[in-house]
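J.: Give me coordinates for this.
(chains A and B)
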Amino acid sequence: DAKTTQPNSMESNEEEPVHLPCNHSTISGTDYIHWYRQLPSQGPEYVIHGLTSNVNNRMASLAIAEDRKSSTLILHRATLRDAAVYYCILKAGNEKLTFGTGTRLTIIP
Amino acid sequence: GAGVSQSPRYKVAKRGQDVALRCDPISGHVSLFWYQQALGQGPEFLTYFQNEAQLDKSGLPSDRFFAERPEGSVSTLKIQRTQQEDSAVYLCASSFSGGASYEQYFGPGTRLTVT
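T.: Prediction:
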């Protein structure tokens, strides 16, 4: 599976937008970019995914670079409930998710 | 609707005991996955089922680990002769179908502690 690189940790103020970066320079043409998050003591939770175009859903937006070598997860207005570890994962057709170390997001009240 | 459920939520086993962990996937989901998460680490893949067929068991750490999904719905992960290094959270996930574009839905996990 292609590898992703994320910052180990980030902080953001409550009610501010948050931009979580992910680099994936070795992405292949058929890899989808998935984002999951894991709140303390819970299982991972699906956030969003995309292939080439930017994507929006009720939780977040996903901005994908034109060359697909990087992407950014955007939380439009962070709340304390968004404090979690965020994982950027490339998913090919082989079903499984390969988690890295993710970005630990801290929200400052 | 109902999500993925797992039982028990917590299990304490003495070294050498056998344990069985259960996963109830979302109804109608074809794909089922097991992951292991050690403290402070990201989840790691163990095995994958499509209906009742176990298509990938490359992540199972030893032959003490065995998983089944006999009727294509509920799955059981069994660990024989537990060791301390088996202590972890075991996560189950299900997906409507296979393929790169489908998301996985995770259960809350079973925290196994081997003493």
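
J.: any idea whether the residue lying closest to B:D56 once chain neighbours are set aside is helix, strand or coil?
T.: For B:D56, ignoring the flanking residues on the chain, the nearest one in space by Cβ to Cβ, 6 or more residues apart in numbering or on different chains is B:Y48 at 4.3 Å. C-beta coordinates here come from the backbone N, C-alpha and C atoms, glycine included. Here B:Y48 is strand, with the state taken from DSSP: H, G, I helix; E, B strand; the rest coil.

J.: can you check B:E85 too?
T.: With three-state DSSP as the criterion, B:E85 reads helix.

J.: okay, now it: neighbour count?
T.: Neighbour count for B:E85, taken as other Cβ atoms under 10 Å in any protein chain shown: 10.

J.: Distance check, it against A:Y32.
T.: Distance of B:E85 to A:Y32, given as Cβ to Cβ, to the nearest Å: 33 Å.

J.: Could you do B:L21 as well?
T.: Taken as Cβ to Cβ, the span from B:L21 to A:Y32 is 29 Å.

J.: Please apply the same query to B:G107.
T.: Distance, B:G107 to A:Y32, using Cβ to Cβ: 22 Å.

J.: Neighbour count for the two, which is higher?
T.: Per other Cβ under 10 Å, whichever of B:G107 and A:Y32 has more neighbours is B:G107, with 24 against 19.

J.: does the more buried one really touch B:L91, like I thought?
T.: Yes. Judged on Cβ atoms under 8 Å, B:G107 makes contact with B:L91 at a distance of 6.4 Å.

J.: shared neighbours, those two?
T.: A:43, B:6 (Cβ atoms under 8 Å, 6 or more residues apart in numbering or on different chains).

J.: How is the residue nearest to A:V55 when sequence neighbours are not counted assigned, secondary-structure-wise?
T.: Computed as Cβ to Cβ, 6+ apart, the closest residue to A:V55 that is not its neighbour in sequence is A:L62, at 4.5 Å. Assigned with three-state DSSP, A:L62 falls in the strand class.

J.: residues from chain A in reach of chain B?
T.: A:30-32, A:34, A:42-46, A:49, A:51, A:85, A:87, A:91-102 (Cβ under 8 Å from any Cβ of the partner chain).
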